[in-house]
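**Student:** missing the sequence, but the structure's below:
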């Protein structure tokens with residue numbers, strides 16, 4: 001069975017990060033080997049949570065895995081607490097990766113035009129180095145712009161893009177995807193883009209690969225829910241090591257999450273609780 005080292009936080013509540021990744025990757029026939037970056041009682045959208053940075057313990061786990069001659073087929077990274085932890089991940093890739101290892105980097109740094117509290121320019125530079133080692137990167141639009149332009153330019157550029165009509169906006173997103181692919185030598189998927197078309201709203205994901213730019217769209221319902229980005233990247237990471245076409249994986253991930261959000265909206269579940277994805281896991285087989 002193929003294995004993916006999943007480097008992400010473990011949140012007890014919120015259906016995100018490792019608690020989202022492990023069931024998705026497992027049901028797709030790949031063994032998820034978790035390496036926690038932090039332990040949280042609940043994801044940070046909740047009013048209160050316990051947080052324990054796991055950087056020093058990551059090194060201990062890596063030592064034991066090295067002694068076991070662990071060799072994953074894929075590496076998938078999500079939340080990293082800062083630049084020091086990004087250095088640990090770079091070390092992990094050097095130790096456990098080779099020319100055959102498929103790497104997916106989800107550069108968690110911000111959303112909706114604003115960086116997260118963990119953001120620093122040093123972390124962003126480390127994310128750029130990680131992106132250069134990746135096979136696939138899955139930034140949202142904010143993270144894509146941070147990778148290309150950094151914090152100083154993003155707000156002005158975000159405001160400018162938000163004022164464009166839909167056609168020009170999509171064109172600028174495509175230019176951004178091409179710049180990412182060229183700058184880092186990767187296949188890039190810019191995720192979670194709101195598209196207003198014919199009085200309806202779609203959730204768009206832009207793929208930039210050897211074929212150029214391809215949009216995958218599904219109907220948008222509800223708002224932003226905890227863990228959807230983790231579910232998306234998990235489907236792609238499993239598909240990546242199985243050799244599935246990227247566009248096929250993106251479509252599968254988008255359909256899977258769309259159905260889960262639909263049920264979540266019907267139930268009236270709070271966004272911090274995450275989405276009702278479990279009943280649709282079998283569709284990922």
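**Tutor:** Ah, there it is. As the structure is a prediction and not an experimental result, all values here were calculated from the model.
**Student:** what's the host helix or strand of residue 175 packed up against?
**Tutor:** Element membership of residue 175 [criterion: DSSP states H and E] is helix 166-184. Counting contacts by 3 or more C-beta pairs under 8 Å, 6 or more residues apart in numbering; DSSP states H and E, helix 166-184 is packed against helix 121-133, helix 141-149, helix 151-162, strand 187-197, strand 200-209, strand 212-219. Using the backbone N, CA and C atoms, a C-beta is placed for each residue, glycine as well.
**Student:** cutoff 10 Å now
**Tutor:** With contacts taken as 3 or more C-beta pairs under 10 Å, 6 or more residues apart in numbering; DSSP states H and E, helix 166-184 sits against helix 121-133, strand 136-137, helix 141-149, helix 151-162, strand 187-197, strand 200-209, strand 212-219.
**Student:** so residue 61 touches residue 95, yeah?
**Tutor:** No. Shown here, residue 61 and residue 95 do not form a contact pair, counting by C-beta atoms under 10 Å, at 11.7 Å.
**Student:** ok, those two, which is more surrounded?
**Tutor:** residue 61 (16 against 12; other C-beta atoms under 10 Å).
**Student:** Kindly confirm my reading that the more buried one forms part of a helix.
**Tutor:** Yes. Under DSSP: H, G, I helix; E, B strand; the rest coil, residue 61 falls within a helix.
**Student:** list the residues that contact both of residue 61 and residue 95?
**Tutor:** Here residue 61 and residue 95 have residue 70 as joint contacts, going by C-beta atoms under 10 Å, 6 or more residues apart in numbering.
**Student:** Please, where are all the helices along the stretch 1-150 of the chain?
**Tutor:** Counting by DSSP state H, counting those that start in this stretch, the stretch 1-150 of the chain has helices at residues 17-27, 55-67, 83-96, 121-133, 141-149.
**Student:** which secondary structure elements does the third one contact?
**Tutor:** With contacts defined as 3+ C-beta pairs under 10 Å, 6+ apart, the secondary structure elements packing on helix 83-96 are strand 3-11, strand 31-40, helix 55-67, strand 74-77, strand 102-105, helix 121-133.
**Student:** Spit out the contact partners of residue 106.
**Tutor:** 7-8, 76-80, 127, 130, 134, 136-140, 143, 189, 191, 229-230, 232-234, 236-237.
**Student:** and what of residue 157?
**Tutor:** Contacts of residue 157 by C-beta under 10 Å, 6+ apart are 113, 145, 148, 149, 172, 176.
**Student:** how near is it to residue 139?
**Tutor:** 14 Å (C-beta to C-beta, to the nearest Å).
**Student:** now residue 179
**Tutor:** 12 Å.
**Student:** pLDDT at the closest residue to residue 142 other than its chain neighbours, what is it?
**Tutor:** Once flanking residues are discounted, residue 142 sits nearest to residue 110: 4.4 Å by C-beta to C-beta, 6 or more residues apart in numbering. pLDDT, residue 110: 96.
**Student:** what's the answer for the one 4 residues further on, then?
**Tutor:** Per-residue confidence (pLDDT) for residue 114: 94.
**Student:** contacting residues for the residue nearest to residue 62 when sequence neighbours are not counted?
**Tutor:** Excluding its sequence neighbours, the residue lying closest to residue 62 (C-beta to C-beta, 6+ apart) is residue 92, at 6.0 Å. Going by C-beta under 10 Å, 6+ apart, residue 92 touches 5, 7, 35, 58, 59, 61, 62, 65, 66, 72, 75, 77.
**Student:** First residue to last residue on stretch 106-121, what's the distance there?
**Tutor:** 17 Å (C-alpha to C-alpha, to the nearest Å).
**Student:** Quick check: buried residues in it?
**Tutor:** Neighbour-count burial for stretch 106-121 flags 106, 107, 108, 109, 110, 115, 118, 119 (criterion: 16 or more other C-beta atoms under 10 Å).
**Student:** Many thanks, I have nothing further to ask.
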